[in-house]
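Student: I would like to see how this sequence folds:
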Amino acid sequence: MKIERRHREFIPESRRIVVKIGTRVIAQPSGRPDIRQLRSLVTQVAGLRRKGYEVLVVTSGAVAAGMELLGIRERPKLVPDLQMCAAVGQARMMGKYEALFAKEKMHVGQVLLTHADFLHRVRFANARRTMEHLLRAGVVPVINENDVVADEELKADLSLGDNDYLAALVVKLVRADLLVILSTVDGLLAPAPNGRLRRVPCVEKLTPEIFQLVNPNKNALSKGGMDSKLRAAQIATKAGCAVVVANGRKAGVLPSILAGEDTGTLLLSNPL
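Tutor: The predicted model follows:
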C-alpha cells in the first residue's frame, strides 16, 4: 500500500473542516462571481454538512466582485480604493452565498475578522465562542478578512496571500481537523523527468526544498499563489491539522477529498 493512500484513509474521520475558496475559483476573469461554480461548491459543502461534518468556509472574492461592479479592471494599488471595492463586493458575495445555501435549506453566518482578533485574548475567545455557537446551531460560517477596516492583507505582498493566512488562523481558532485550500491548480506541482510538471500526491513535512519548488503567482484579481498556500499549510500542520491543496474548479472535489481519494496534495500534520 502506498504511503499516500494509507495517510488519506484517515481523512474521512475528520470532524471539523475549514474550506478556503480562492478568488479565481469563484470569479470570472472580469471579477464577476461565477454563479455556476459557486453553486457547485455550496452544494458540495451542504452535502458534507448533511453527512455530519462541521464545515467553515473562508472565502475570497469580495475585492474582485467590487472591482467588477465598479468597472475597475486592475487591482487598485491604494488601500482606500481596495477597501472601497471590498465594501461593495462583500455584500454582493454574501448575498450569493445566502441565496445558494438557502436552496440547500441551510443558513449562513457572516464572520468578518481582522488579524487583531487573533492577537487579543478576549477577542480571540469571543470569536471562538461565536464560531462554536454557529456550528452547534447548524449554521455554516462564511468567513472573510474585514478588509473595509483592516489593511493588513490588502497591503501585504507575499506574507498573507489571498486569505490563505486567514484560513490557517481560523484552523487554530476552531481547532479544525482538516484544512482544504481550493485553488485553480491540482495541487503542488513539481518537475517530472520528462520536463513537465506533475502533481505531488503527499508531503510528509514541509522543508525548504519544498518551498523552492514554487514561486508566488500574481494576477490582476488575486495575489495568492502556491507559496502563500504552503506558508498557510505550515501554520496549520504545526497546529496538528492536515491540509489538502486541490483544484476547486474540478467537479466533486470536496466529496472526493473527504472520501480519501487521491485528490490534490495532502500535507500531513506535524504538531510541535
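Student: Centre of the protein to the edge, which residue is at the far end?
Tutor: In the chain, counting by Cα atoms, centre = their mean, residue 194 sits farthest out from the average C-alpha position, at 31.8 Å.
Student: any idea which helix or strand carries it?
Tutor: Using DSSP states H and E, residue 194 maps to neither a helix nor a strand.
Student: Relative to residue 252, how far out is it?
Tutor: Using Cβ to Cβ, to the nearest Å, one obtains 29 Å as the distance from residue 194 to residue 252. In this view, the C-beta of every residue, glycine as well, is placed from N, C-alpha and C.
Student: ok, now residue 208?
Tutor: For residue 208, the distance to residue 252 equals 34 Å [Cβ to Cβ].
Student: ok, the two, which is more surrounded?
Tutor: When residue 208 and residue 252 are compared for neighbours, residue 252 comes out ahead with 14 against 6, by other Cβ atoms under 10 Å.
Student: separation between the nearest residue to that one once chain neighbours are set aside and residue 256?
Tutor: Among residues not flanking residue 252 along the chain, residue 44 sits closest, at 6.9 Å (Cβ to Cβ, 6 or more residues apart in numbering). Distance of residue 44 to residue 256, computed by Cβ to Cβ: 9 Å.
Student: if you count what's nearby, which of the two comes out ahead?
Tutor: Between residue 44 and residue 256, residue 44 has the larger neighbour count (other Cβ under 10 Å), namely 21 against 17.
Student: for the more buried one, helix, strand, or coil?
Tutor: Secondary structure assignment for residue 44 (DSSP: H, G, I helix; E, B strand; the rest coil): helix.
Student: Contact partners for it?
Tutor: If a contact means Cβ atoms under 8 Å, 6 or more residues apart in numbering, then residue 44 has 252, 253, 254, 255 as its contacts.
Student: For ChimeraX, write a command that selects the buried ones of these.
Tutor: To isolate the buried ones among these in ChimeraX, judged by 16 or more other Cβ atoms under 10 Å, type:
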select :253,254
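Student: Next step: the contacts of residue 44 restricted to helices.
Tutor: Under the assignment DSSP state H, these contribute 253, 254, 255 to helices.
Student: With adjacent residues omitted, what lies nearest to the second one?
Tutor: Counting by Cβ to Cβ, 6+ apart, residue 44 is the residue found nearest to residue 254 once chain neighbours are left out, at 4.0 Å.
Student: helix or strand for residue 24, which one?
Tutor: Element membership for residue 24, per DSSP H and E: helix 23-26.
Student: Off-centre distance for that helix?
Tutor: Distance of helix 23-26 from the chain centroid (Cα atoms, centre = their mean, to the nearest Å) equals 10 Å.
Student: who does the longest helix seen in the chain touch, helix- and strand-wise?
Tutor: Secondary structure of the chain per DSSP H: the longest helix is helix 79-103. In terms of contact count using 3 or more Cβ pairs under 8 Å, 6 or more residues apart in numbering; DSSP states H and E, helix 79-103 is assigned the packing partners helix 35-50, strand 54-59, helix 62-70, strand 108-113, strand 140-145, helix 152-155.
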